[in-house]
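**Q** A structural model of the following input is requested.
(2 chains)
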Amino acid sequence: AQSVTQLGSHVSVSEGALVLLRCNYSSSVPPYLFWYVQYPNQGLQLLLKYTTGATLVKGINGFEAEFKKSETSFHLTKPSAHMSDAAEYFCAVSRSNDYKLSFGAGTTVTVRA
Amino acid sequence: DVKVTQSSRYLVKRTGEKVFLECVQDMDHENMFWYRQDPGLGLRLIYFSYDVKMKEKGDIPEGYSVSREKKERFSLILESASTNQTSMYLCASSLMSNQPQHFGDGTRLSIL
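**A** Predicted structure coming up:
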């Protein structure tokens, strides 16, 4: 079974600063990896995904993530935080040919003016 | 865009009641999922369905059942609601395995 660990349940950044959210996974087979964002009182929205190919993945709203197999990591970054980035972020992993996603516990991002 | 619609945003029920949460998707997706979301625990899978009338237990199926009579609709049933089932419930759908899941806006259920 795969598991997902998100380091830090809360991250606070200044507007314009780098956003870095950490995600490590354990999987016995090559994983499919996802980042989702949840704004208050809404469902989850896909930010980006890694399946195969290029290990640096670009997503919506200026976010990107890099798959590092040797480190079993899939950290999410954004060079310059905006107030609208305040939300909860979830990392998720699935195995190939598996319907199910395993989610991390989530990281809440606050952005200081 | 895929639209996943959950019938209620907020719901208050009493212990012992039978509770139905409804979810409809409009993109002919094969797979549908029910999660519950609790602070600090992320999303936990309750049940999923990969075809009409087909269902499989997720990680926390106890106290729940599901129904999928039509491809677009997936219902979650709390047979006899208890206070520990107070939570946010999220429905999702996907076209096939390993494709991203699309989520509804959630139902915040309170059991009194």
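**Q** For the residue sitting nearest the centre point of chain B, which residues count as its bridge partners?
**A** Taking CA atoms, centre = their mean as the criterion, residue B:34 is the residue nearest the geometric centre of chain B, at 2.9 Å. Beta-bridge partners for residue B:34, by DSSP bridges, are residue B:47, residue B:91.
**Q** Test my guess that residue A:11 contacts residue A:18.
**A** No: under the criterion of CB atoms under 8 Å, residue A:11 makes no contact with residue A:18, lying 10.7 Å away. C-beta here means a position set from N, CA and C on the backbone, and glycine is covered the same way.
**Q** More neighbours: which of these two?
**A** residue A:11 (18 against 11; other CB atoms under 10 Å in any protein chain shown).
**Q** how near is the more buried one to chain B?
**A** As judged by CB to the nearest CB, to the nearest Å, residue A:11 and chain B stand 15 Å apart.
**Q** Dihedrals phi and psi, that residue?
**A** phi -130, psi 130 (degrees, to the nearest 10).
**Q** which residues does it bridge with?
**A** residue A:109.
**Q** Once you drop chain neighbours, what's closest to the residue in chain B positioned nearest to chain A?
**A** Among the residues of chain B, residue B:103 lies closest to chain A, at 3.5 Å counting by CB to the nearest CB. Leaving aside its sequence neighbours, residue B:103 sits nearest to residue A:43 (CB to CB, 6 or more residues apart in numbering or on different chains; 3.5 Å).
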